[in-house]
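Visitor: The following block contains a protein sequence and its predicted model.
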Amino acid sequence: MESVWLKHNGHNDLIVVFGGWALGAEMFAHLSGPQDVLFVDDYRDLDGLPDLSSYQNRTAVAYSFGVSAFAHLCPAERAQFDRTVAINGSPSPVDRRMGIPPMVYQKTQNGMSQENFQSFAALCYGEKQPDIAIDVAARTEELAAVRQRGPASCPTFDRIWISQKDRIFPPANLARAFCGQEDVIRSIDAPHVPFSAWDSWQEVIA
């Protein structure tokens, strides 16, 4: 994994964001809040997190592929967090009934290119996006690693957001992936990247 501080001011509260595949941290830039924010992504390996014990309150926000990465890191890392939130991702990322259908995933992996990634980004945001340059070889390797790693046991989350216009993870599949946690699931009228619906981190983690 790679990590970068989006905000690091020595606040008592910390949010660790497990990001999605290849889209980066720009989608979170407008979210306000006093918390320190650590962003992690690139799941070619799962190295674990740094020591976060200096923070009084720690929240994990797992988005898209970040949900399966976080699930694989549990239970070792779960104890570090007081609150956990899952958004538009599954502990079983490649799964016909609980994740991305395998044939769709394989087509994405086999056809990876800069041009095809732009089409993927448009699906994620629900509209055409400015060019986002990616390392095609590295991101293809990441897709292979996520598939090879397979499903993880589903951890318990305090909040689960499912976008009803998600064209990456079918909403019905995510509902099945979190069967038994229906009481914390909230639907949102948004595409796979839903963050423009919120102004602050507090709205995301509520």
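Guide: Right, received. Where do you want to start? Residues are numbered from 1 along each chain as shown.

Visitor: per-residue confidence for A79?
Guide: Among the per-residue scores, A79 shows a pLDDT of 80.

Visitor: looking at this, it is in a helix?
Guide: Yes - assessed by DSSP: H, G, I helix; E, B strand; the rest coil, A79 belongs to a helix.

Visitor: First residue to last residue on stretch 27-42, what's the distance there?
Guide: This stretch, stretch 27-42, spans 16 Å end to end (Cα to Cα, to the nearest Å).

Visitor: what's in contact with it?
Guide: Stretch 27-42 has contacts (Cβ atoms under 8 Å, 6 or more residues apart in numbering) with 1-11, 13-21, 24-25, 49, 55, 59, 66, 69, 138, 142, 193, 195-196, 198-202, 204. Using the backbone N, CA and C atoms, a C-beta is placed for each residue, glycine as well.

Visitor: Nearest spatial neighbour of C74, chain-adjacent residues omitted?
Guide: Among residues not flanking C74 along the chain, P155 sits closest, at 4.5 Å (Cβ to Cβ, 6 or more residues apart in numbering).

Visitor: show me where the chain has strands.
Guide: 2-7, 13-18, 36-41, 57-63, 83-87, 159-163, 185-188 (DSSP state E).

Visitor: Same list, these, but as JSON lines with distance to R97 please.
Guide: Formatted as JSON lines, these follow (distance: least, Cβ to Cβ, whole Å):
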{"stretch": "strand 2-7", "distance to R97": "31"}
{"stretch": "strand 13-18", "distance to R97": "23"}
{"stretch": "strand 36-41", "distance to R97": "26"}
{"stretch": "strand 57-63", "distance to R97": "20"}
{"stretch": "strand 83-87", "distance to R97": "17"}
{"stretch": "strand 159-163", "distance to R97": "15"}
{"stretch": "strand 185-188", "distance to R97": "17"}
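
Visitor: Out of those, which gets nearest to V104?
Guide: Closest to V104 of the strands of the chain is strand 159-163 (Cβ to Cβ; 16.9 Å).

Visitor: Going by contacts, tell me the helices and strands next to that closest one.
Guide: With contacts taken as 3 or more Cβ pairs under 8 Å, 6 or more residues apart in numbering; DSSP states H and E, strand 159-163 sits against strand 83-87, helix 171-177, strand 185-188.

Visitor: ranking those by burial, who's on top?
Guide: Mean neighbour count, computed with mean count of other Cβ atoms under 10 Å, is highest for strand 83-87 among those, reaching a mean of 25.

Visitor: Okay, angle between that strand and strand 13-18 too, please.
Guide: Between strand 83-87 and strand 13-18, the angle comes out at 30 degrees (axes from the mean of the first three to the mean of the last three Cα atoms, to 10 degrees).
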